[in-house]
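A.B. asks: With the sequence up front, the predicted model follows.
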Amino acid sequence: MKVIHLISGGDTGGARTHVHLLLKHLNTAHEATLVCFMDGPFAQEAAALGIPVVVMEGGMASVLRRLRKMIREGGYELVHCHGSRGNLVGALLKPSLDLPFVSTVHSDPKLDYLGRPVARLTYGLLNQLAQRRMDYRIGVSDAMRELLISRGFAPNRVFTIYNGVEFPAEDALPPFDRQAYFRKVGLDAPEGSVVVGIAARLNPVKDYPTLLRAFAKAHAQQPQLRLLIAGDGQDRASLEALADELGIRGAVCFAGWIDEIEDFYRAIDINALTSRSETFPYAITEGARARRCAVSSRVGGVPKLITDGETGLLFSPGDVDALAAHLAALAASPALREKLGEALYQKAKAEYSAQATCRRQIEIYRQILYVEARMREKGRCGVLICGAYGMRNAGDEAILNAVLSEMRSIDPWMPVSVLSRRAAETAMRCGVDAIHSFDIPRMLRTMRRSELFVNGGGSLLQDVTSTRSIWYYLFTLAAAKRRGCKVMMYGCGVGPIRRGLNRRLAGRTVERCVDAITLREENSLQELRGLGVTKPEITVASDPALSLRPASEAETDRLMRALGMDPAGSYLCLSLRRWPGMQDKLELFAAAADYAWETYGLQPVLLSVNPLQDDRLTEKLAERIKAPSVTVRAQMDIAETVGFIGRMRAVLAMRLHVLIFAASRATALAAVSYDPKVASFLDYLSQTNYIDYEALTDVHQLYALVDAAATADRAHLRRATERIMEIERRNTDTARRLLGREG
């Protein structure tokens, strides 16, 4: 692999460290050339590390001409830009080079020139415009990736990498005289002092005023505290004045830029960071390398490394009192400092080494080159998924999570796009490109470059809810086929389709436009046969949501305790849905909940998985239950919901996907079927413990369901679940075959 990196050459701080370490390790197995647009320490240090460096000074036209020639003749496969000048040069080169252009975003571009309005309106604006011209972007934390996605960058083209540091052998470190170091930098720190250190440039985004004010409060309680500031910048004079005003000037040292950064971290006791915004700061990992405990604002990717109270201490940006309390507590306890410092060292060494960063960068390059090569070869790459997504229905979102997971198991580098009623929300939550369901022009453009169009899961082809919805889904099937996609209906239910026109349209469209269909139960197969569908490959599988993994046992324990529940308790989960006539049946469900408590000691737990439709109904049910009950109002993610339902002794539900989650965890089922899809699923699972909604008129009918669930043979249910979970793999197998990824 041959990559060229573009950077101004005047960079400092985290960007300098990242580029130097990255290229040093890249060049052990690949060819990575660094082009700097000015000579100086940055380029010289890179050359000393063995990195191939080219300094290309001069006017913009001359630089572009020489650089274009160098890239063409050098056979480079990818251009990687860093910083505003690197991005600008890359954006100007891009139209004349048929190569992928990548930019690493080291910090929030909108905050880079905070406090410098002229620079912000010139360099800052040019950088943001140049970023828009890049093909791909890399954020140096998950938080930076999410920020880029929130600003409209396509998730399929935004990656995450974390800044790593080198961990030298401990016996390679030279002897160190701490007091001599303090004298050298000008800090008055007698024996017994506890030194707080911060290494960051002096500008507004680092929020030094919060640090100084918090330090002053902590120093009043723990006078042995000292503060060593390694950094310089436009705010130095005002910060020195603030230290004077707070009466801590004698305990604070403004040391300016420090070259021997390893000595700095070996000298201090507490590593501090107070930024308003960060990506994944080197200051934390460099301090971790020296086993220094850290106290940091909760920003960017910092919580990825620091778990509050376990590997360090966190506080909300700008919270002076919380930071002061942390500093005072650390100053008072050498044992706490040692414990947190050691825990941080072990985590950073295992997960955030320079070698790990290099491996991740190579993986990103390979993914980019794979997608680019596939687009050149076939003109298509990726999957477009269509369903009832973005409606804030937990069942439908569970289906989407499952389908996405299964697509990634087929090809982890394959771009995935989703049609959603809340596209921005889906993009952020799932990390995929999302298109509004009714943005027809963009939908059609995406179809032209996609290999596979996936319709499903869920029951999309039915006209019980409305005729408009079935017409929409039939339109998407036909449009995808006309634009050259393979078309698959994935783990879906079909029907009921009652209107004659809709049946004719559905039968004709599916017959002509669909390549393969996987169904979640047998009844849908009968519906397709009734529509006259014979041409597509049809397989009975099961619902994709059965494949979802639960949260860990520890995470589920924490969730239950947060809800005031004993993780070892016995519970009956009730999950109803709004439906005509429900007001008259609420007393029956409340009585069943009380019966479960009185007869079996099962505490009622009321769970609403579709807040927009069901929250008010759940509240009304809670008001009618006499037994001590728990109402789950906190919004859980899908993994938490699956894990939570798995802890229930039994479930009494109307919502299909609550029943599916329960089945996947072998939780005993009792159901009220308001729709044929509920009964069909339970029949497919060989479970008969349900009643039709319209037939529910007497509380003893629910008592019988509770009796059966409370005394159910869980092992029998587990065997039935294992059978249909094995069958569920047919969904993925069919998609893999259509995508040509069988090998």
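C.D. replies: Arrived safely.
A.B. asks: Tally up the residues packed near Pro223, please.
C.D. replies: The number of residues packed near Pro223 is 11, by other C-beta atoms under 10 Å. C-beta here means a position set from N, CA and C on the backbone, and glycine is covered the same way.
A.B. asks: which SSE is it in?
C.D. replies: For Pro223, there is no enclosing helix or strand under DSSP states H and E.
A.B. asks: Quick check: it vs Ala328, distance?
C.D. replies: Noted for Pro223: a distance of 11 Å to Ala328, by C-beta to C-beta, to the nearest Å.
A.B. asks: just Gly458 next, same as before
C.D. replies: 55 Å.
A.B. asks: just Gln526 next, same as before
C.D. replies: Gln526 is 72 Å from Ala328, by C-beta to C-beta.
A.B. asks: Which one's more surrounded, these two?
C.D. replies: Ala328 (19 against 14).
A.B. asks: Tell me which residues touch the more buried one, please.
C.D. replies: 217-218, 221-222 (C-beta atoms under 8 Å, 6 or more residues apart in numbering).
A.B. asks: can you do 10 Å?
C.D. replies: Counting by C-beta atoms under 10 Å, 6 or more residues apart in numbering, Ala328 makes contact with 214-215, 217-222, 225.
A.B. asks: Need the phi and psi values for it.
C.D. replies: Main-chain dihedrals, Ala328, degrees, to the nearest 10: phi -70, psi -40.
A.B. asks: same deal with Phe254?
C.D. replies: Torsion angles, degrees, to the nearest 10, at Phe254: phi -90, psi 100.
A.B. asks: correct me, but it touches Leu202?
C.D. replies: Yes. Counting by C-beta atoms under 10 Å, Leu202 is a contact partner of Phe254 at 8.1 Å.
A.B. asks: Touching both of the two, which residues are there?
C.D. replies: 208, 229, 231-232, 236-237, 239-240.
A.B. asks: burial measure for Arg442, as a count.
C.D. replies: Neighbours of Arg442 (other C-beta under 10 Å): 15.
A.B. asks: Relative to the whole chain's centre, how far out is the helix or strand hosting Glu640?
C.D. replies: Assessed by DSSP H and E, Glu640 sits inside helix 638-646. Chain-centre distance of helix 638-646: 18 Å, with C-alpha atoms, centre = their mean, to the nearest Å.
A.B. asks: Kindly report the same for stretch 34-50.
C.D. replies: 35 Å.
A.B. asks: what's the span of it from first residue to last?
C.D. replies: Start-to-end span of stretch 34-50 (C-alpha to C-alpha, to the nearest Å) is 11 Å.
A.B. asks: Let's test this: name the helix or strand in the protein with the lowest mean pLDDT.
C.D. replies: helix 117-119 (a mean of 65; mean pLDDT, DSSP states H and E).
A.B. asks: Give me the subset of the contacts of Ala328 that lies in strands.
C.D. replies: Leu225 (DSSP state E).
A.B. asks: ranking the contacts of Ala328 by neighbours, who comes first?
C.D. replies: Phe215 (28 neighbours).
A.B. asks: so it sits right up against Val194, yeah?
C.D. replies: No. Under the criterion of C-beta under 10 Å, Phe215 is not in contact with Val194, lying 11.4 Å apart.
A.B. asks: Residues that sit against both of the two, list them.
C.D. replies: 225-226, 327.
A.B. asks: Out of the residues you listed, which comes closest to Glu623?
C.D. replies: Lowest distance from Glu623 to the shared contacts of Phe215 and Val194 (C-beta to C-beta) belongs to Leu327, with 48.4 Å.
A.B. asks: what pLDDT does the closest one get?
C.D. replies: Per-residue pLDDT puts Leu327 at 97.
A.B. asks: Now do the contacts for it.
C.D. replies: 194, 196, 211, 214-215, 217-219, 221-222, 225, 227, 270, 272, 295, 313, 315.
A.B. asks: Is it located within a helix, as I assumed?
C.D. replies: Yes. Counting by DSSP: H, G, I helix; E, B strand; the rest coil, Leu327 is part of a helix.
A.B. asks: how much space between it and Ala388?
C.D. replies: For Leu327, the distance to Ala388 - C-beta to C-beta - is 51 Å.
A.B. asks: How about Thr476?
C.D. replies: 12 Å.
A.B. asks: go on, Ser450?
C.D. replies: 20 Å.
A.B. asks: what do you get for Leu336?
C.D. replies: 51 Å.
A.B. asks: between these two, who's got more neighbours?
C.D. replies: A count of neighbours by other C-beta under 10 Å puts Ala388 above the other of Leu336 and Ala388, at 23 against 15.
A.B. asks: show me what contacts that one?
C.D. replies: Taking C-beta under 10 Å, 6+ apart, one finds 395-397, 399-400, 419-421, 437, 456-460, 465, 469, 473 in contact with Ala388.
A.B. asks: Which helix or strand contains it?
C.D. replies: Residue-wise, Ala388 maps onto no helix or strand under DSSP H and E.
A.B. asks: about what we covered before: what's the closest of the shared contacts of Phe254 and Leu202 to Arg249?
C.D. replies: Nearest member of those to Arg249, counting by C-beta to C-beta, is Glu240, at 7.5 Å.
A.B. asks: Was I right to think that closest one contacts Asp232?
C.D. replies: No. Between Glu240 and Asp232 there is no contact under C-beta under 10 Å: 11.6 Å.
A.B. asks: anything in contact with each of these two?
C.D. replies: 202, 254.
A.B. asks: Next, show the common contact partners of Thr476 and Ala388.
C.D. replies: 419, 437, 460.
A.B. asks: out of those residues, which is most surrounded?
C.D. replies: Leu419 (26 neighbours).
A.B. asks: Tell me where the model's unsure across this protein.
C.D. replies: For the chain, the stretches with pLDDT under 70 are 13, 109-124, 169-172, 634, 743.
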